[in-house]
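In: have a look; sequence and predicted model below, questions after that.
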Amino acid sequence: MLTLERQEKIKDMLLENKTVQVAELSDLFKVSFETIRRDLKVLEKEGFAEKTYGGAVLIEKVSHKASYQVLSHIMVETKRKLAEAAAAFIDEGDCIYIDFSTTCGQMVYTIPDVQINVLTSSLAVINALKDKEKISLLTTGGMWDKNNYAFMGLAAAQNLKQFHVDKAFISCRGLSIEHGLSDRTEDEASIRSIIIENANEVFLLADESKFDKDAFVKTGDLKRVTTVITDKKTDARWADFFRNNNIRCIDGHLLESGK
């Protein structure tokens, strides 16, 4: 394996696991400890990781800069499980919104070809559903955002205000009890805040890494979410918050049990 290829794979592992160990990488790639240490030193110089004793950790801001194409290959199995749980709530005749996140994008592989209206700004969702005979597909329009692989901006936000949906399926960059939902850019936050207000039910798909995190721009009040779907095994603090605010939570315990 070429050095650059190995370093890219180490980056993927850091994005998914947040930390790596020299010994594990050495065994995985069949190279010496010193070779792995040199790789990690390169990633540290790039501002991607910080070396620690015996390994390295992801620099937190990196995950918020990663493109859709990069993120689409990270934590795929987890995203698939969240998407399958979310798709189970779709009923024939629904008008739904699927957002531009890689997690919600996994829903297209589990949605049956039934009579529903799907509104989206995601090109990945558009491409996956465009040939479905029974699904009516609507797009927000707007300016192309290659980083999100979606149509964003003022035009998309204004067009989105015209629609009301039964169910919105969204993600976020961070969520906290104190500050609610947040995203990395104004465009992301704007699109999601509008659909949150224009949906009868809001389904938030968020893996464990999003919890107790605040991104750059506030998106909205977490109390507007009706269902949270996550791989996190909910602790007492979050369980109390969900219960007190009448938010249904499908968490890691339920996903593992298949309920």
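Out: Looks like it arrived, so ask away.
In: which residues touch the residue lying closest to K213 once chain neighbours are set aside?
Out: Distance criterion CB to CB, 6 or more residues apart in numbering; nearest residue to K213, sequence neighbours excluded, is G174 at 3.5 Å. (Glycine included, C-beta is placed from N, CA and C.) Counting by CB atoms under 8 Å, 6 or more residues apart in numbering, G174 touches L181, S182, D183, K210, K213, D214, A215.
In: using PyMOL, define a selection of the buried residues within those residues.
Out: For anyone working in PyMOL, the buried entries among the contacts of G174, judged by 16 or more other CB atoms under 10 Å, can be selected with:
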select buried, resi 181+182+183+210+213+215
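In: in strands, which of the contacts of G174 fall?
Out: By the criterion of DSSP state E, membership of the contacts of G174 in strands covers L181, S182, D183.
In: pull out the buried residues from the helix or strand where A83 lies.
Out: Counting by DSSP states H and E, the secondary-structure element that holds A83 is helix 76-87. By 16+ other CB under 10 Å, the buried positions in helix 76-87 come out as T78, K79, K81, L82, A83, A85, A86, A87.
In: what does stretch 153-163 give?
Out: Neighbour counts over stretch 153-163 (16+ other CB under 10 Å) mark G153, A156, A157, N159, L160, F163 as buried.
In: same deal with stretch 7-25?
Out: Q7, I10, K11, M13, L14, L15, E16, V20, V22, L25.
In: show me these that map onto strands.
Out: With strands identified by DSSP E, the entries of the buried residues of stretch 7-25 that belong to them are V20.
In: out of the buried residues of stretch 7-25, the closest to S193 would be?
Out: Proximity of the buried residues of stretch 7-25 to S193 was ranked by CB to CB; the top entry is L15 with 26.4 Å.
In: the closest residue to the closest one other than its chain neighbours sits in which helix or strand?
Out: Computed as CB to CB, 6+ apart, the closest residue to L15 that is not its neighbour in sequence is I74, at 4.9 Å. Secondary structure from DSSP H and E places I74 outside every helix and strand.
In: I'd say I74 and D12 touch.
Out: Yes - because the distance of 6.5 Å satisfies CB atoms under 8 Å, I74 is recorded as touching D12.
In: hmm, which two among the buried residues of helix 76-87 are most spread apart?
Out: Largest pairwise distance in those, by CB to CB, is 15.1 Å, between T78 and A87.
In: that older thread, any chance of the ones in strands among the contacts of G174 in CSV, plus pLDDT?
Out: Output for the ones in strands among the contacts of G174, formatted as CSV (pLDDT from 0 to 100):
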residue, pLDDT
L181, 96
S182, 93
D183, 91
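In: nearest to F48, of the residues you listed?
Out: The shortest gap between F48 and any of these belongs to D183, at 21.7 Å (CB to CB).
In: which regions of the stretch 151-259 of the chain sit below the pLDDT cut-off?
Out: The model of the stretch 151-259 of the chain has pLDDT under 70 over residues 253-254, 256-259.
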